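Trainee: Have a look at this fold, sequence not included:
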């Protein structure tokens, strides 16, 4: 059992409270990660205001990077000391949906994730006898967290944690929009609405894809001049 400080949403539309809670040891194919840096995403706000439904109390955060501290049974792709980006899109790789290439519908990981639980349909966070729920299987707003093995992507030591911390959601969302949703062709003209982390990632992906004219708009002046 690990004691950790975590930023917890106790009820909808309430300020987060930072307090000590208990974190159980990682189970099969899970790892304990010491968080080094976490990103803040609009999806966290959606949970706070109730646009996404989770049971409370809830440890928020679904972007982050950290260091693997301990491994549960059956973990083969990670070792203690690995620097990792956390991803909310973990999957088992062996269920009905994964075998059909539908990893996002993974019966083992994605179904309980939507209920704030890990694959055995329980939580690792607790306060005494009271369960505290996970957000998107990540809960990066904690000094330590437990995540499923495939929710960790190893990164090189040269990548700063503050850069790696937003790769798990903002960066892949922006790049995925360019490469998969829009399938941008070389020389294309593109309009990017919003200059946040996702918007910046879209612009970077457009440059890599060889887009011609890229126009970015944002109501905030500091983002237009960044």
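Mentor: Arrived safely, thanks for sending. Computed from a predicted model, the values in this text were never measured in an experiment. Residues are numbered from 1 along each chain as shown.

Trainee: give the contact list for residue 165.
Mentor: Going by C-beta atoms under 8 Å, 6 or more residues apart in numbering, residue 165 touches 36-39, 63-65, 85, 140. C-beta here means a position set from N, CA and C on the backbone, and glycine is covered the same way.

Trainee: any idea which helix is longest in the chain?
Mentor: For the chain, the helix that runs over the most residues, judged by DSSP state H, is helix 197-209.

Trainee: before we move on, back to that, so which of the contacts of residue 165 wins on neighbours?
Mentor: The most neighbours of any of those, using other C-beta atoms under 10 Å, belong to residue 140, which has 32 neighbours.

Trainee: residues in contact with that one?
Mentor: Counting by C-beta under 8 Å, 6+ apart, residue 140 has contacts 35, 38-39, 61-64, 66, 86, 165.

Trainee: List the ones among the residues you listed that fall in strands.
Mentor: The members of those that map onto strands under DSSP state E are 35, 38-39, 63-64, 66, 86.

Trainee: and the longest helix of the chain, how far from the chain's centre?
Mentor: Centroid displacement of helix 197-209 relative to its chain, using C-alpha atoms, centre = their mean, to the nearest Å, is 19 Å.

Trainee: Over to stretch 192-201?
Mentor: For stretch 192-201, the distance to the chain centre is 18 Å (C-alpha atoms, centre = their mean).

Trainee: Could you give me the buried positions within it?
Mentor: 192, 195, 197-201 (16 or more other C-beta atoms under 10 Å).
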